[in-house]
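Peer 1: Just to be clear, the model below is a prediction. Sequence and coordinates:
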Amino acid sequence: MTSASAALSLLPSPLLRLRRHYRTPVRGTTFCAAMSSNTTSSPPSLGLAVESLECGGRTGSVKQQLAKLFEGSLKVIFPEEPNMEPLIAVCTAKFGDYQCNNAMGIFSKIKGKSTAFKNPNSVGQAISRHLPPSNIIESTSVAGPGFVNIVLSSKWVAQNIQNMLLNGIDAWAPILSVERAVVDFSSPNIAKEMHVGHLRSTIIGDTLSRMLEFSNVKVFRRNHVGDWGTQFGMLIEHLFDNFPNWEDTGEQAIGDLQEFYKASKRRFDDDPSFMQRAQQAVVRLQGGEARYRNAWKKICEISRKEFDLVYQRLGVHLEEKGESFYNPYIPKVLEELSTKGLIEESDGARVIFIQGQPIPLIVVKRDGGYNYASTDLAALWYRLNVEKAEWIIYITDVGQSQHFDMVFSAARRAGWLPDAKSILYPKTNHVGFGLVLGSDGKRFRTRSSEVVRLVELLDEAKSRCKAELVKRLEDNGKLKDWTDEELENTAEAVGYGAIKYADLKNNRLTNYTFSFDQMLNDKGNTAVYLLYAHARICSIIRKSGKDIEEIKKSGKLVLGHADERVLGLHLIQFAEVVEEACTNLLPNVLCEYLYNLSEIFTRFYTSCQVVGSAEETSRLLLCEATAVVMRKCFHLLGITPVYKI
């Protein structure tokens, strides 16, 4: 039995792993109480201390650890109210570091039922008083309608950072609710060269995959290439016409695949007889005729090699499972959907009607052929039942939102997925993104209105970076200290990083204007600025002459200065930022954190002397922690750090 046949034998019982989050949800507003009162220091003991949320050696984010503490308080005060979720938020004003925002909601529920609480403030007071003991919290205060403001222990913050330096930043990985995810991204069409339009899907998908992998999720990185469409009929017939002995000439017969595609498309559009032959070729290909299958394989092989060169330069890893892979699964998947009464006849086609949609989802065309919808339904079934994914994420432009909404709706009607509003798994998300625009505000193209080839974009970024780097080094007399290899590697890291960061720092749903001048600027929120900031931190540590690895073991970090504490607090918020970026599928959240980290470090370094100060050891540890977190941010964004400028 083939693997496809074995998988299809499972069809009568589509897999549904409906389960709840195993972590404590951490939600809440981002505002902070404006007035503080009734300060409470060192909450009284109520039994065993709750220090952290353990999961495979990880402690969870600060929000998660605080949520665990407040969950204990809520259970003591309101034992009759099950599943009461602590609402923890970062406090942005001066009255605390975090806050718990449950009091108002709880009071509205218990008002009239209990005489123990006169108003929301009294609920907040009770929550504060009944917190389990913990060395995480320095003090709490209750303000306004029951907001519980939390001041973290500076000693605990410092110790948390030192533990990370000793045990590695993986100890700060978020604890998510899923264990297996499919991320479907990039997905170029075979025989077409990758262009700037593929850039967003590729780097957004890579970053989301990296963040999920860092969070200990098993990620299936899927490249759903277009390798089974009608274009192969025209490509194969054009190949046969121009190179009857193409098998002997091999890749030389096709040469430039992009030009080969354009030539075959012109014939397809202009020559009706060629169009007819191309359409017949598709039938022969899909019917398994050996001559056509062999030509198809050769075209795919040539195209795949070109894709791989781009992926290598971008540092992106994918596993290809193109449209053709799911073709054997389509008939029985459609048979199951038909058995469940989802598929109907309409104007000679077979369709699924989706409530609220003006058009149906066509799953079998009038000529009996399959299309994107039939392939995507088969792929979704496979990912749920064979790959057993709990979260399936599709990354394409926003123009495909309606298509995926309809596919997901059909899957819910089939019982493959829970209700859209449910917190149960498995779940699916379409990650849409806007356009890359040129300086004229229109879709980014060359002067001849051609799409911009991605290879040329990368070449120019590296070339510009190298020229700027050489000029900078010549101006300060340091060019002699750099090898040719160092120049090449740095120019590549900064150039490619600049392109990625300029895209990722924007909310993915918005369009953005592509500008080399802006993205290669060494000031402001750019990769160049951030990479140079990291290199400066490394230079500070080198200039100290101290063995940073030895200091990690023997030194002690103390957050005595106000700017030291602000930096330390920002560092320990790293896990929850990654968690937010993952759960909301927004890489720009991580970019914003990274830029703010660099700015906060600059303020610290301006006000706190490091090398030669009485606090040198402690401050070197803080420098190293900042560099470690920056490097992990770069890694998650697919950017290679530089250590020398």
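Peer 2: Yep, it's here.
Peer 1: remind me which residues of the stretch 101-250 of the chain are low pLDDT?
Peer 2: Within the stretch 101-250 of the chain, the stretches with pLDDT under 70 are 114, 249-250.
Peer 1: ok, which stretches of it are helices?
Peer 2: 103-110, 120-129, 154-167, 199-214, 231-242, 246-249 (DSSP state H, counting those that start in this stretch).
Peer 1: Also the stretch 451-600 of the chain?
Peer 2: 454-475, 484-504, 516-519, 527-544, 548-554, 562-572, 574-583, 588-607.
Peer 1: tell me the mean pLDDT over the third one?
Peer 2: So the one you mean is helix 516-519. Per-region confidence: helix 516-519 scores 92 on mean pLDDT.
Peer 1: shift numbering so it begins at 16
Peer 2: OK, 16 is where the count begins now, so the last one is helix 531-534.
Peer 1: Go through the helices of the stretch 116-265 of the chain and name the closest to Leu609.
Peer 2: Nearest to Leu609 among these is helix 214-229 (12.0 Å), distances taken as CB to CB. For glycine as for every other residue, the C-beta is placed from the backbone atoms N, C-alpha and C.
Peer 1: If we ignore the residues flanking it in sequence, what's nearest His145?
Peer 2: Ser88 (4.3 Å; CB to CB, 6 or more residues apart in numbering).
Peer 1: Next one: the one you found from Leu450, what distance?
Peer 2: 49 Å (CB to CB, to the nearest Å).
Peer 1: Which one's more surrounded, those two?
Peer 2: Using other CB atoms under 10 Å as the criterion, Ser88 and Leu450 rank with Ser88 on top: 23 against 19.
Peer 1: ok, that one to Arg319 distance?
Peer 2: On the measure of CB to CB, Ser88 and Arg319 end up 57 Å apart.
Peer 1: cool, and Gln372?
Peer 2: 35 Å.
Peer 1: More neighbours: which of the two?
Peer 2: Arg319 (16 against 13).
Peer 1: Contact partners for the more buried one?
Peer 2: Neighbouring residues of Arg319 by CB atoms under 8 Å, 6 or more residues apart in numbering: 205, 240, 335.
Peer 1: Distance to Ile345 added to the residues you listed, as a markdown table?
Peer 2: Formatted as a markdown table, the contacts of Arg319 follow (distance: CB to CB, whole Å):
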| residue | distance to Ile345 |
| --- | --- |
| Ile205 | 19 |
| Val240 | 17 |
| Glu335 | 19 |
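Peer 1: Who wins on neighbours among those?
Peer 2: Ile205 (26 neighbours).
Peer 1: I'd like the distance between that residue and Glu194.
Peer 2: 32 Å.
Peer 1: Repeat that for Gln533.
Peer 2: Counting by CB to CB, the gap from Gln533 to Glu194 is 40 Å.
Peer 1: Now for Ile556: which residues touch it?
Peer 2: Ile556 touches 563, 635, 638-639, 642, counting by CB under 8 Å, 6+ apart.
Peer 1: likewise Ile345?
Peer 2: Contacts of Ile345 (CB under 8 Å, 6+ apart): 385, 389-390, 392-393.
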